[in-house]
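S.K.: How does the following fold in three dimensions:
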Amino acid sequence: MIKVMFLCTANSCRSQMAEGLARELGDGLVEAHSAGVIAVPVQPKAVQVMREIGIDISRHRSKVMDLGLMSTMDYVITLCEQGAASCPVTPAYVKRIHWPVDDPVGAVGTEDEILGEFRRARDEIGMHIVQFLRQIAEQGTVES
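M.R.: Reported below is the predicted structural model:
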């Protein structure tokens, strides 16, 4: 089983959605974790848009980066520039991948427009995860 850690700034939205998607879509193939540079409560809108596609992240809790846990990963995937810049040096055997996904948390507009940004981020992350899982299944690895 491939172990993957998703990192972003606050572990409140993008990395939480990535963890939920990877657990659901990669069941039996990956062990997914997430963390942040800081930990703040999981965004209710992230929970809502994940529920729309049948994935429940309502019990997820925000976590800060744990160097010991990160050193056990096969992949560390950063989802934002701050997460990528703040991610500590990992052992050479841990592959690093960067998927820059715009943060929906700062979105402004109507409720529908804001939810649209959360859905955009969810779907963008989902496309990356599907591709990642396909490469793992076909090749056993993903190039950074």
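
S.K.: how close does the residue lying farthest from the centre of the chain get to Glu124?
M.R.: With distances taken as C-alpha atoms, centre = their mean, the residue sitting farthest from the centre of the chain turns out to be Thr110, at 25.6 Å. With distances defined as C-beta to C-beta, to the nearest Å, the gap from Thr110 to Glu124 amounts to 21 Å. To be clear about C-beta, it is placed using only N, CA and C from the backbone, and glycine gets the same treatment.

S.K.: Equivalent analysis for Lys63, please.
M.R.: When C-beta to C-beta is applied, the distance between Lys63 and Glu124 equals 22 Å.

S.K.: Point to the helix or strand of the chain where mean pLDDT is at its lowest.
M.R.: Each helix and strand of the chain was given a mean pLDDT (mean pLDDT, DSSP states H and E); the minimum falls on helix 81-86 at a mean of 64.

S.K.: Could you give me the buried positions within whichever helix or strand Arg120 is part of?
M.R.: Assigned by DSSP states H and E, Arg120 belongs to helix 111-139. Going by neighbour count (16 or more other C-beta atoms under 10 Å), the buried part of helix 111-139 is 114-115, 117-119, 121-122, 124-126, 128-129, 132-133, 136.
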